[in-house]
Structures are given as C-alpha cells and as structure tokens.
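Colleague: Attaching a predicted model along with its sequence, questions to come.
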Amino acid sequence: MLWAEVRNLFPDQFVLLEELKSHYEDSKLRIEEVAVIKPIQDDQEAMKELFAAKNERFVYHTSNETITIEVRSKPMLKRNPSHES
C-alpha cells in the first residue's frame, strides 16, 4: 500500500507498519510501500509498539507526508588502553 493511501485511511494517528519497498537516497531510507499491521490508538501504545518492533516493522505517524528515515552508521567503540603503574 502506498503511504498516501495509509494517510487517507488513518488520518492523524500512529500506525504499525511493515516495510515492503524502499530505496536509499544519500543517508536516508525512503519507504515507498508498506503493509499496515494495525492502527495505534494513543501515544503510550505507540511507544510500546515502537520498542517491540523488529526487522522491517516500525511505527510512524500519518501527519508526515513521506516516510523518510535517517540512517546512521554505528559509531566505532573506542577504549582507552589501561596503563599499568
């Protein structure tokens, strides 16, 4: 389903989605097609679903015109060498 269709069906609310089709543009993931898993009624439920989401599932609000997610690479972990006294 296209994002515009989701926005028409579920205006001004959070929805749990599964990514079906997307592409990378610069450092952003642009999602073109999604499957609606379920609409979410309130902010608390949205947070719960967001933290439980795995793989291609995510929570997004239909007030956004497009689904664009900034992709960040994991920073390298640096450790200070321990010095012996």
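Modeller: Received the coordinates, thanks. Residues are numbered from 1 along each chain as shown.
Colleague: my guess is A35 meets L17, correct?
Modeller: Yes. With contacts counted by C-beta atoms under 8 Å, A35 reaches L17, the gap being 6.8 Å. Placement of C-beta: from N, CA and C, glycine included.
Colleague: Comparing the two, which shows the higher neighbour count?
Modeller: Of the pair A35 and L17, L17 is the one with more neighbours under other C-beta atoms under 10 Å, namely 23 against 13.
Colleague: who does that one bridge with?
Modeller: V36, F58 (DSSP bridges).
Colleague: That one and F51, how far apart?
Modeller: As defined by C-beta to C-beta, to the nearest Å, L17 lies at a distance of 15 Å from F51.
Colleague: Equivalent analysis for E65, please.
Modeller: 25 Å.
Colleague: Pick out the residue closest to the middle of this protein.
Modeller: In the chain, the residue lying closest to the centroid (C-alpha atoms, centre = their mean) is F58, at 4.3 Å.
Colleague: And that one, how close does it get to Q44?
Modeller: F58 is 17 Å from Q44, by C-beta to C-beta.
Colleague: which residues are contacting whichever helix in the chain runs longest?
Modeller: If you go by DSSP state H, the chain has its longest helix at helix 43-52. Surrounding helix 43-52, the residues in contact under the criterion C-beta atoms under 8 Å, 6 or more residues apart in numbering are 14, 16, 40, 58-59.
Colleague: Now for those: which two are most distant?
Modeller: Taking C-beta to C-beta as the measure, the contacts of helix 43-52 span a maximum distance of 11.6 Å, between I40 and F58.
Colleague: Mind listing the shared neighbours of these two?
Modeller: Shared contacts of I40 and F58, defined by C-beta under 8 Å, 6+ apart, are found at L16.
Colleague: S63: what secondary structure?
Modeller: Look at S63: counting by DSSP: H, G, I helix; E, B strand; the rest coil, its state is coil.
Colleague: Skipping its backbone neighbours, what lies nearest it in space?
Modeller: If the residues on either side of it in the chain are set aside, S63 comes closest to D12, at 5.7 Å by C-beta to C-beta, 6 or more residues apart in numbering.
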